[in-house]
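Enquirer: Whatever this is, show me its structure:
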Amino acid sequence: MAIPQNFIQDLLSRADVVEIVGRYVQLKKGGANYLGLCPFHGEKSPSFTVSPSKQFYHCFGCGKNGNAIGFLMDYAGMNFVEAVKDLAGQYGMQVPEDDTSPADRARAAQQREKQATLTDVLEKAGAAYRKHLKESPRAVDYLKSRGLSGEIARTFGLGYAPEGWRSLASVFPSYDDPLLAESGLVIVNEDDGKRYDRFRDRVMFPIRNVKGECIGFGGRVLGDGTPKYLNSPETPVFSKGRELYGLWEARDAIRAQGYVLVTEGYMDVVALAQLGFPNAVATLGTACTTDHVHKLFRFTDSVVFSFDGDAAGRRAARKALDGALPYATDVRSVKFLFLPPEHDPDSFIREFGRDAFARAVGDATPLSRFLIDSAREGCDLATAEGRARLASNARPLWTLLPDGALKRQLLGEIADLVQLAARELQELWDQAASRARPAAGSAAASRPRAAEGASGASQPARTGAGHTPRPSGTRPARAPRGTPMNRASRALQILLSQPTAWEHLSQDDHHLLCELPPPYGGLFAWLDAQHHDHGPQPWSALREALRDHADEAFVLAEMAKVPPEIESDPAELADILAKERQRRVHEERARLAAEAATDPAAYERLKRLIEAEKAAPAP
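Expert: Numbering: from 1, shown residues only. The predicted structure is shown next:
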């Protein structure tokens, strides 16, 4: 949603930054200002000041500063729209929505009301689970056997779901309330309509969003039942691909410790907090996604992924690498900690101690090393074939990195391993990209890129900034020629002129557009970052954000081609995306067919692709 500037100004004039900050930081009056210990970095002497006259906070230690909205973004990890909504709610103000129809506004209001109602239902269930825990010696004994104290249990709001099939019937006035099923607390049998509790005889771990609201639960079975761990299903308030367990509880410790530790389960998070590492979070039964990584980098510039050292742990780490690469800028640190196969973080610390675990974290494998290790796995570098395979494996990983010193250094390291000059390897990869995108113009894709250094065809980092710096010596990207690029131009025009169009696309659609060749992929990635940080914005706001962008002139030229009377039809964008997917499938099939004669792996992939095409329903 696009929020009018006059509303933001009115909101800030009503909000008291001292009151907002004072809810999270202990402040003391010091002359005209208020003083406190900075919540964004560890300090013993207060250097954090809040000015009631300027309605502004500033830390003389770390340099963090801003207004009430900025504080909610910096401290709670909210994006701009979330912070405005949260602050407006605290002062009883309704956030207006520009450029939306009355029907859209009504639907948005209904959705917000539904989300608030669902979190209320989940909070009520959480309170009941906490009460049941106090009444269950068996559940308490289990937690004690895991070394957890009552204080840690209270910090994380741990509870217990009794064995009965309908224990929540004593908590809610109507067990038939549709909200119980919609929130994931109750399962409805499709055959006979009978209802029963989803969580039974399990220790319960409430899952909270960045505002501290309960949005779901994780349950660990006490007996021998299956599954051992059970999470809430996807609901209007809970998406496991975006949420992280323990982030709300760990937010202060993450800033104090300077890094976040990402583990594999919620019991790891609670146990680590008990043992002196309260800066841990966990994914929720799914691989680490780019959304997870993006959210973590709102709180810290240093992420350490902790995995078991077995094959499953290595696979999980490999998926986390894919999620982290697009955000691995030169000012961020990403590491991978592999524990011995017989240990998880809890058992490792209990056997070797806190200091040993801290040293292991410090010695964790940097992203650059893990990228190369992943690419060279199974490659015999004593042979030309093995080195060629390494180059092929490394290209898609290296391409995901944002341009910068890290990316350019890695190009050189990979080139040394495959015994090529960096420029030769870059040209080889450019040619491979050109074969994968024949319509993009083979001449432009295969020409030497000496003037561009190691920037290659990489996409700009997904940052919220309106300015995407251009590496020195590069020229503005030109629009590639060919029919697919005509479709890309039209998609760009639609998405820039329709403020809400981007949020109606799926994650797969977003990735499809962001992976288009320059300049389109980078511009769609920039639009994604703008939408993530500010919500839907009209073209006038996006135009201002584009000032000094490397592709500003190109975008203005594309938008100038749109006649004023032309209205964008959602079906047109859907058709563009469908044709782009079809084009990619055809290109992938042609590439695999060319490689199948000499590459068994390509032959197997081609077989699977043909089988999938045959099994797909007719359009």
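Enquirer: all helices of the stretch 151-300 of the chain, in order?
Expert: 178-182, 247-257, 266-274, 290-296 (DSSP state H, counting those that start in this stretch).
Enquirer: So for the spatially most central residue of the chain, what's the nearest residue that isn't a sequence neighbour?
Expert: A centroid search over the chain (CA atoms, centre = their mean) returns residue 291, at 1.4 Å, as the residue closest to the centre. The shortest distance from residue 291 to any non-neighbouring residue, by CB to CB, 6 or more residues apart in numbering, is to residue 242 (4.6 Å). In this view, the C-beta of every residue, glycine as well, is placed from N, C-alpha and C.
Enquirer: got it, and residue 554?
Expert: Across the structure, with CB to CB, 6+ apart as the measure, the residue nearest residue 554 apart from its sequence neighbours is residue 519 (5.7 Å).
Enquirer: returning to what we had before: dump the residue contacts of the residue nearest to residue 291.
Expert: 289, 291-292, 295 (CB atoms under 8 Å, 6 or more residues apart in numbering).
Enquirer: Can you tell me which of those residues has the most neighbours?
Expert: residue 292 (25 neighbours; other CB atoms under 10 Å).
Enquirer: Please export the C-alpha coordinates of whichever strand or helix holds residue 75 as CSV.
Expert: Residue 75 is part of helix 68-76 when elements are defined by DSSP states H and E. C-alpha atoms of helix 68-76 as CSV (Å, rounded to 0.1, in the frame of the first residue of the first chain):
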residue,chain,number,x,y,z
ALA,A,68,9.5,6.9,16.1
ILE,A,69,8.9,5.1,12.8
GLY,A,70,12.6,4.5,12.3
PHE,A,71,13.0,3.2,15.9
LEU,A,72,10.3,0.5,15.3
MET,A,73,12.1,-0.4,12.0
ASP,A,74,15.5,-0.6,13.6
TYR,A,75,14.5,-2.2,16.9
ALA,A,76,11.7,-4.5,16.0
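Enquirer: Can we start the residue count at 719 from this point?
Expert: Renumbered: residue one is now 719, and that last one reads helix 786-794.
Enquirer: what's that helix packed up against?
Expert: Helix 786-794 makes packing contacts with helix 723-732, helix 735-740, helix 798-808 when contacts are defined by 3 or more CB pairs under 8 Å, 6 or more residues apart in numbering; DSSP states H and E.
Enquirer: Mind checking the pLDDT average for the following helix or strand past the shortest one?
Expert: The reference is to helix 735-740. On the C-terminal side of helix 735-740, the nearest following helix or strand under DSSP H and E is strand 746-748. Confidence over strand 746-748, taken as the mean pLDDT, stands at 86.
Enquirer: measure the residue lying farthest from the centre of the chain to residue 785 for me?
Expert: Ranked by distance from the centre of the chain (CA atoms, centre = their mean), the top residue is residue 749, with 42.1 Å. Distance, residue 749 to residue 785, by CB to CB, to the nearest Å: 21 Å.
Enquirer: on that earlier part again, rebuild the contacts of residue 960 as a markdown table, extending it with distance to residue 984 and pLDDT.
Expert: Rendered in a markdown table, the data for the contacts of residue 960 read as follows (distance: CB to CB, whole Å; pLDDT from 0 to 100):
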| residue | distance to residue 984 | pLDDT |
| --- | --- | --- |
| 1007 | 17 | 87 |
| 1009 | 18 | 86 |
| 1010 | 14 | 90 |
| 1013 | 17 | 86 |
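Enquirer: ok so, going back, next, format the helices and strands packed on helix 786-794 as JSON lines and append mean pLDDT and mean neighbour count.
Expert: Compiled in JSON lines, those are given as follows (pLDDT from 0 to 100; neighbours: other CB atoms under 10 Å):
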{"stretch": "helix 723-732", "mean pLDDT": "76", "mean neighbour count": "13"}
{"stretch": "helix 735-740", "mean pLDDT": "88", "mean neighbour count": "18"}
{"stretch": "helix 798-808", "mean pLDDT": "85", "mean neighbour count": "19"}
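Enquirer: out of those helices, nearest to residue 1080?
Expert: Ranking those by distance to residue 1080, with CB to CB as the measure, places helix 735-740 first at 32.8 Å.
Enquirer: Show me what that closest one is packed up against.
Expert: Applying 3+ CB pairs under 8 Å, 6+ apart, one finds that helix 735-740 contacts strand 751-754, strand 766-769, strand 774-777, helix 786-794.
Enquirer: now those as CSV including mean pLDDT?
Expert: CSV is the format used below for the helices and strands packed on helix 735-740 (pLDDT from 0 to 100):
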stretch, mean pLDDT
strand 751-754, 89
strand 766-769, 89
strand 774-777, 87
helix 786-794, 86
